[in-house]
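Asks: pasted the sequence and its predicted model underneath.
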Amino acid sequence: MENIKSEPQPIQINTSDELSRGRYSNTMLVVHGPEEFIMDWLLQSPNGTHLLSRIIVTPGHMKRIVTALQENLDKYEQNFGRIKTADPPTTMVQ
């Protein structure tokens with residue numbers, strides 16, 4: 001039996017124009033239970049805090065997301081230098 005590694009195949013993603021433009025989020029709220037993680041992407045603005053998107057994933061998928069984000073942050077910093085972080089806001093999202 002041959003051990004053949006297949007190359008990842010590109011996937012075609014169909015979406016609406018509005019969704020493909022993306023959304024800006026300056027706050028994120030994460031909660032979890034035994035079966036899922038819930039990520040709320042928020043925008044804090046002078047008009048209040050607005051929910052932009054809610055993504056619900058399994059714990060296994062959350063682990064893959066965190067790994068992918070860390071790998072991409074590392075690559076970004078290798079190319080563009082260390083990211084300076086600001087202190088988190090002192091106000092709580094309500």
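Replies: Nice, thanks for sending it over.
Asks: give me the number of residues near the residue lying closest to V57 once chain neighbours are set aside?
Replies: Nearest non-adjacent residue to V57, counting by Cβ to Cβ, 6 or more residues apart in numbering: F37, 5.4 Å away. C-beta here means a position set from N, CA and C on the backbone, and glycine is covered the same way. Here the number of neighbours of F37 (other Cβ atoms under 10 Å) works out to 18.
Asks: who's F37 bridged to?
Replies: According to DSSP bridges, H32, V57 are recorded as the beta-bridge partners of F37.
Asks: surely it and K63 touch.
Replies: No: assessed by Cβ atoms under 8 Å, F37 is found out of contact with K63, at 9.5 Å.
Asks: buried residues in stretch 15-33, which are they?
Replies: Of the residues in stretch 15-33, T27 count as buried by neighbour count, 16 or more other Cβ atoms under 10 Å.
Asks: right, I mislabeled it, should have said stretch 35-48
Replies: Applying a neighbour-count criterion of 16+ other Cβ under 10 Å, one finds 37, 39-42 buried in stretch 35-48.
Asks: any idea how far apart the tips of stretch 41-51 sit?
Replies: One end of stretch 41-51 to the other measures 6 Å (Cα to Cα, to the nearest Å).
Asks: ok, stretch 26-40 next?
Replies: One end of stretch 26-40 sits 11 Å from the other (Cα to Cα).
Asks: so how far is the helix or strand that contains V66 off the chain centroid?
Replies: Applying DSSP states H and E as the criterion places V66 in helix 59-80. Centroid separation between helix 59-80 and its chain, computed with Cα atoms, centre = their mean, to the nearest Å, is 10 Å.
Asks: distance to E77, secondary structure and pLDDT added to the buried residues of stretch 35-48, as CSV?
Replies: CSV is the format used below for the buried residues of stretch 35-48 (distance: Cβ to Cβ, whole Å; DSSP: H, G, I helix; E, B strand; the rest coil; pLDDT from 0 to 100):
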residue, distance to E77, secondary structure, pLDDT
F37, 25, strand, 98
M39, 23, strand, 98
D40, 27, strand, 98
W41, 23, strand, 97
L42, 25, strand, 97
